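*Asks:* Sequence plus the predicted model coming up.
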Amino acid sequence: MSLHQALLILHLFSVAVVMGVGVANIVSFRVSRNSSGDVALGVAKAREATLIYSDIFVPLLVLAGLGLLWNRGGASDLSFWFHIKMAAVAAWLISFVVMRVIIRRYLKSRDGALVPRIRLLAHVAISGAMVALICAVMTFAG
């Protein structure tokens, strides 16, 4: 297996995990809106339990992506789609980092006023990730 193949496997697996966790969290926000008591607490605990996966796989995703870019010699010969992808990755990564900072604050204080901001950032992050994924397909589709 070449370095490129190993980095690509790590990158694609990390994309799958991060996207899965992101979509699961957005679904759980919707479920928790109409729930109360033990159900709401269970949904919130499930969301908290997935944080570790994001904390592990987001850096792996970024590092593997940078490794792939370095391994191919840069992005100068890549299409317009790749540059849109990188803008979407930046939007995703910034919203993700800000969201994690706010989540950390929320977990310490349990201040419910932070939840709408977390929800908004989660939607921005998953939207950026989806645009990045679509643009990546368009870049390397042929």
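*Replies:* Looks like it came in fine.
*Asks:* which regions of this protein sit below the pLDDT cut-off?
*Replies:* Within the chain, the stretches with pLDDT under 70 are 142.
*Asks:* just so I have it, where are all the helices in it?
*Replies:* For the chain, helices defined by DSSP state H occupy the ranges 3-33, 37-71, 80-109, 115-140.
*Asks:* how about TSV for those, with mean neighbour count added?
*Replies:* Heads up, the C-betas are built off the backbone N, CA and C, glycines and all. Converted to TSV, the helices of the chain look like this (neighbours: other Cβ atoms under 10 Å):
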stretch	mean neighbour count
helix 3-33	16
helix 37-71	15
helix 80-109	16
helix 115-140	17
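*Asks:* dump the residue contacts of Ala113.
*Replies:* Counting by Cβ atoms under 8 Å, 6 or more residues apart in numbering, Ala113 touches no other residue.
*Asks:* How about Leu93?
*Replies:* Taking Cβ under 8 Å, 6+ apart as the criterion, Leu93 is in contact with 58, 62, 128.
*Asks:* State the distance from it to Ser14.
*Replies:* Here the distance between Leu93 and Ser14 works out to 13 Å (Cβ to Cβ, to the nearest Å).
*Asks:* now swap in Val62 and tell me
*Replies:* 9 Å.
*Asks:* still on that earlier bit, which member of the contacts of Leu93 is positioned nearest Arg105?
*Replies:* Val58 (18.5 Å; Cβ to Cβ).
*Asks:* Not counting its neighbours along the chain, what's nearest the closest one?
*Replies:* Nearest non-adjacent residue to Val58, counting by Cβ to Cβ, 6 or more residues apart in numbering: Val18, 5.9 Å away.
*Asks:* again with Asn71
*Replies:* Nearest residue to Asn71, sequence neighbours excluded (Cβ to Cβ, 6+ apart): His4, at 5.2 Å.
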